[in-house]
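Asks: Let me see the structure of the following:
(one chain, ligands or ions: 4)
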Amino acid sequence: MRLIQDLRHAIAEQEFELYYQPIVGLQQDECLKVEALIRWRHPKRGLVPPIEFISVAEETGLIVDIGNWVFQQAARQSALWRDRFGVEVQVSINKSPVQFRDEGECFDTWVSLLNNLALTNNNICIEITEGLLLDGNEAIAATLERYRDAGIQVSLDDFGTGYSSLAYLKRFKIDFLKIDQSFTRNLDSQNSDFTLCEAIIVMAHKLGMKVIAEGVETEYQRKVLAEAGCDYGQGYLFSRPLPVEEFEQRFIETT
Ligand code: G
Ligand code: G
Ligand code: MN
Ligand code: NA
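Replies: Residues are numbered from 1 along each chain as shown. Ligands and ions are numbered 1, 2, ... in the order given. So this is what the prediction gives:
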């Protein structure tokens, strides 16, 4: 298949780029957080969004190489911002469940890069999805714990859209819950989506986690979420995912 060949080529030629979307403190000025989102700068097709290639990359296992590139790029970028601008930025990267099958080698490589760059104080966060935690896998629990011990935080992405058991929340050590956009989209202080967000926030705080609301597009959503105690917001209200130079100009150079 053409796409698979092209993806192999893209890995070899490093045709990927990271875009950056800020994650903004809603209660107070927090240390800057940002999610890195991959884009493929295809020589013929132009900028290809991840929905068009991540699932194929997962099926073929190519996601392991892509994920390693994403991690390295994100870590180097965080170190660069610190060195150039004196700004600490926590960069979140998305880690596919498929990448955890190759975990042994990956962990050591990642941690030694972080040590070399002196990025061992929560400078990187990995975003995982509920599917990874489904089977209550002890190996996954141990892996996540090792990440935290190495100064890497863990976010649970798309929270509320996967399987309904919440038992894993006490089994796995998770730092941030990311409330899925489907709950923030129609948020109104009177409706059931609001009740759900509020309940998620209370629960997360009692379990020692912080909450990030995704898909915040309006000032009204921001206000309602802030009043409900939500810690962070992410969405078009603050910014779309931006190419690195633009992100730097708007969010790093001005701090
Ligand atoms: O902006 P957006 O179109 O970037 O992202 C679409 C989807 O692609 C999201 O679900 C996001 O989690 C996923 N995604 C973006 N970047 C990466 C990445 O580096 N690795 C993986 N596995 N998924 C990513
Ligand atoms: O699945 P994940 O949450 O990692 O990916 C986030 C996705 O949501 C990306 O495709 C990103 O571009 C998109 N996104 C970010 N902010 C907003 C927003 O405010 N509204 C909408 N509709 N999508 C957003
Ligand atoms: Mn994400
Ligand atoms: Na998400």
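Asks: Tell me how far Asp65 lies from Tyr147.
Replies: Asp65 sits 20 Å away from Tyr147, going by C-beta to C-beta, to the nearest Å. C-beta: built from backbone N, CA, C; applies to glycine.
Asks: When the two are compared, which one has more neighbours?
Replies: Tyr147 (22 against 17; other C-beta atoms under 10 Å).
Asks: Name the residues of stretch 228-237 that are buried.
Replies: Neighbour-count burial for stretch 228-237 flags 228, 230-235 (criterion: 16 or more other C-beta atoms under 10 Å).
Asks: measure the residue nearest to Thr60 when sequence neighbours are not counted to ligand 2 for me?
Replies: Nearest residue to Thr60, sequence neighbours excluded (C-beta to C-beta, 6 or more residues apart in numbering): Ile4, at 5.7 Å. Going from Ile4 to ligand 2 by C-beta to the nearest ligand atom, to the nearest Å gives 23 Å.
Asks: for the helix or strand hosting Ile4, packing partners?
Replies: Element membership for Ile4, per DSSP states H and E: helix 2-13. If you count contacts as 3 or more C-beta pairs under 8 Å, 6 or more residues apart in numbering; DSSP states H and E, helix 2-13 packs onto strand 33-42, helix 54-60, helix 63-85.
Asks: What is the longest one packed up against?
Replies: Same thing as helix 63-85. Helix 63-85 packs on helix 2-13, strand 16-25, strand 33-42, helix 54-60, strand 90-94, helix 103-116, strand 124-129, going by 3+ C-beta pairs under 8 Å, 6+ apart.
Asks: Turn the ones you listed into a markdown table, columns for distance to Arg240 and mean pLDDT.
Replies: Converted to a markdown table, the helices and strands packed on helix 63-85 look like this (distance: least, C-beta to C-beta, whole Å; pLDDT from 0 to 100):
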| stretch | distance to Arg240 | mean pLDDT |
| --- | --- | --- |
| helix 2-13 | 23 | 94 |
| strand 16-25 | 7 | 97 |
| strand 33-42 | 10 | 97 |
| helix 54-60 | 19 | 96 |
| strand 90-94 | 16 | 98 |
| helix 103-116 | 28 | 91 |
| strand 124-129 | 18 | 96 |
